[in-house]
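Asks: here you go, sequence then predicted model.
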Amino acid sequence: MEEIWKPIPGYETHYEASNLGRVRSKERVVLDVKDGKERRRVFKPCILSPNISAKHGRQSVMLSIQGKTKRILIARLVCLAFHGLPPEGKENVLHYDDNSDNNTPANLRWGTHKENAADMRRNLGYWPSYIDGRSLRPKKSVGDPLLNEAQVRVLKRLPDMRTGFLRGIRSDLADAWGVKPSTITSARDGGKGWLELSTEPLWDMAERLSGEFVGREKPKRKIR
């Protein structure tokens, strides 16, 4: 693919972003004075090395203009260069595939927190998450299995869903699978009865189960 460079709004004189998700400084000539003598310095284009956040895994670069430096996410810079300034109320940069390493213009857009959560719910299918939850399931009676093993194996791949907008994902899964949100959390965190899981390929297991709730039942209380 041919690499196309475009100036970054607000940094047009100094930096550009490309359709491959890279950022570079522009060639420029700087005239200044040192030790009472005028000097002319030429700065050639240079690809900026990204810094990767240890916490979120997001790529950022440090931009500097007139002595002022600022660290900015590469995704935001590419979005600015190829999609312009964000519309009012849509200041967040969204990755369509939720892959923070994929900073190509086609994968980026301006959006809201709500739209970002919708993207995540859609993309969880690639993990996959909606194996047995693509349609609403009837509520189960007391004593019926809560979740099947394929669902629990999927839940263990997901991040903590008890805080922030991820709580909406937990509620959606609970509704789709006919259980309480607390059941989703319990299963993900290694709930009782799910300490040992099968090593059967996940998709094969999901196909075999065919959406049936055949998970392990809650242990019955002993009557003394």
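Replies: The structure has been received and is ready for your questions.
Asks: please, which helix or strand holds the most centrally placed residue in the chain?
Replies: Residue closest to the average C-alpha location in the chain (C-alpha atoms, centre = their mean): D98, at 3.7 Å. Here D98 is covered by no helix or strand, with elements defined by DSSP states H and E.
Asks: give me the number of residues near A17?
Replies: 28 (other C-beta atoms under 10 Å). In this view, the C-beta of every residue, glycine as well, is placed from N, C-alpha and C.
Asks: surely it and K26 touch.
Replies: No: when contacts are counted by C-beta atoms under 8 Å, A17 is not listed as touching K26 (11.1 Å).
Asks: contacts only, for V78.
Replies: 17-18, 21, 23, 103-105, 108 (C-beta atoms under 8 Å, 6 or more residues apart in numbering).
Asks: and if you look at G21?
Replies: 74-75, 78, 102-104.
Asks: could I have the buried ones of those as ChimeraX selection syntax?
Replies: To isolate the buried subset of those in ChimeraX, counting by 16 or more other C-beta atoms under 10 Å, use the following:
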select :74,75,78,103,104
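Asks: of the contacts of G21, closest to K6?
Replies: V78 (8.9 Å; C-beta to C-beta).
Asks: now G111: how far from P86?
Replies: G111 is 9 Å from P86, where distance means C-beta to C-beta, to the nearest Å.
Asks: and the two? Which one has more around it.
Replies: For G111 versus P86, neighbours defined as other C-beta under 10 Å are more numerous around G111 (20 against 16).
Asks: do you know the pLDDT at the residue of the chain positioned farthest from its centre?
Replies: Note on the chain: the largest C-alpha distance from the chain mean falls to G36, namely 52.4 Å (C-alpha atoms, centre = their mean). On pLDDT, G36 comes in at 83.
Asks: for it, grab phi and psi.
Replies: Backbone torsions of G36, given as degrees, to the nearest 10, read phi 80, psi 0.
Asks: how close does it sit to L155?
Replies: 70 Å.
Asks: what do you get for R22?
Replies: Per C-beta to C-beta, R22 is found 36 Å from L155.
Asks: now L166, nearest residue through space, not along the chain?
Replies: In space, L166 comes closest to P159 once its chain neighbours are excluded; the distance is 6.5 Å by C-beta to C-beta, 6 or more residues apart in numbering.
Asks: residue ranges of the strands in this structure, please?
Replies: Per DSSP state E, the chain carries strands over the ranges 5-7, 15-18, 23-25, 28-34, 37-43, 46-47, 51-52, 59-65, 68-73, 92-95, 108-111.
Asks: among these, which is nearest W177?
Replies: That would be strand 92-95 among the strands of the chain, by C-beta to C-beta, at 26.6 Å.
Asks: sheet partners, orientation included, of that closest one?
Replies: Counting by DSSP bridges, the strands paired with strand 92-95 are strand 108-111 (antiparallel).
Asks: now the strand it pairs with: mean pLDDT?
Replies: Here the average pLDDT along strand 108-111 is 94.
Asks: render the CA-only coordinates of it in CSV, please.
Replies: Taking Å, rounded to 0.1, in the frame of the first residue of the first chain, the C-alpha atoms of strand 108-111 are listed here in CSV:
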residue,chain,number,x,y,z
LEU,A,108,-10.8,5.3,13.0
ARG,A,109,-13.7,7.7,13.5
TRP,A,110,-14.9,10.3,16.0
GLY,A,111,-17.6,9.1,18.4
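Asks: coming back round to it: need the winner for burial among the strands of the chain.
Replies: strand 15-18 (a mean of 22; mean count of other C-beta atoms under 10 Å).
Asks: domain parsing for the protein?
Replies: Taking automatic domain parsing as the reference, the chain has its domains at 5-83, 124-209.
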